[in-house]
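Engineer: Pasting a predicted model and its sequence here:
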There are 2 protein chains.
Amino acid sequence: MMMVVVAYDVNTEEPAGRRRLRLVAKACMKFGQRVQNSIFECLISTSDLLILRQQLLDIIDDSKDSLRFYNMGAKYSGKIEQYGVERHLPADSVMII
Amino acid sequence: MMMVVVAYDVNTEEPAGRRRLRLVAKACMKFGQRVQNSIFECLISTSDLLILRQQLLDIIDDSKDSLRFYNMGAKYSGKIEQYGVERHLPADSVMII
């Protein structure tokens, strides 16, 4: 298992963008948690990462959105620092911004 | 030098939030680049990371904002994947969302 951070940048002013963000969150939540509005931390196996990546690529609009994966590896403990509020966002919410 | 990903979650509906995001971006841009609206990739030394962290902690409102650091280490090549549009956001811009 490894920690993969998924960062998703979408224009949520459009309903279609909000819908894509909800779908991205829902897919990621199967493997991890939402830690910021568009950041998901997924503890995941190599084979599940293949599945998640394909699901996300099917969801995003690659002419409009940006999707980045950061593979923190298996020994990710101590490599993640959090300051300020801890967000506990449900998968299907979009923070109003 | 190591790659540190800075993820910053702020409510940009408020002018003060937009100002904080601009200041966070400006601080991070001294060490790296903005790859998404609120994601910065900083190639940075240990001593500069201390400076950057303190600068960011001075900027953020820790009762409202979330700031996360992901330390990808020195061998970060191959651990970052990008899909969709590559954003080249200037440090002082706030994407209108």
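Structural biologist: Arrived safely. Just so it is clear, the structure is predicted and the values come from calculations on it, not from any experiment.
Engineer: Could you list the contact residues of chain A toward chain B?
Structural biologist: Residues of chain A lying close to chain B by CB under 8 Å from any CB of the partner chain are A:5, A:7, A:9, A:11-13, A:35-39, A:53, A:56-57, A:60-73, A:79-87, A:95-97. Heads up, the C-betas are built off the backbone N, CA and C, glycines and all.
Engineer: same thing but at 7 Å, please
Structural biologist: Proximity of chain A to chain B, by CB under 7 Å from any CB of the partner chain, involves residues A:5, A:7, A:9, A:11-13, A:35-37, A:39, A:57, A:60, A:62-72, A:79-85, A:87, A:97.
Engineer: quick one: which of the residues you listed sit in helices?
Structural biologist: A:Leu57 (DSSP state H).
Engineer: Show me just the buried residues among the residues of chain A next to chain B.
Structural biologist: Buried subset of the residues of chain A next to chain B (neighbour count, 16 or more other CB atoms under 10 Å in any protein chain shown): A:5, A:7, A:9, A:11-12, A:35-37, A:39, A:60, A:65-72, A:79-80, A:83-85, A:87, A:97.
Engineer: Give the residue spans of chain A that score low on pLDDT.
Structural biologist: In the prediction, chain A carries residues with pLDDT under 70 at positions A:88-97.
Engineer: mind listing the strands in it by residue range?
Structural biologist: A:2-9, A:32-36, A:39-44, A:66-73, A:80-84 (DSSP state E).
Engineer: what residues does the second one touch?
Structural biologist: Yep, that's strand A:32-36 we're talking about. Strand A:32-36 is contacted from outside by A:25, A:28, A:40-44, A:87, A:89, A:91, B:7, B:9, B:66, B:68, using CB atoms under 7 Å, 6 or more residues apart in numbering or on different chains.
Engineer: which residues does A:Ile80 form a beta bridge with?
Structural biologist: Note on A:Ile80: beta-bridge partners by DSSP bridges are B:Tyr70.
Engineer: Could you pull up the contacting residues of the residue nearest the centre of chain A?
Structural biologist: Nearest to the mean C-alpha position of chain A, by CA atoms, centre = their mean, lies A:Phe40 at 3.4 Å. Shown in contact with A:Phe40 (CB under 7 Å, 6+ apart): A:6, A:25, A:28, A:32-34.
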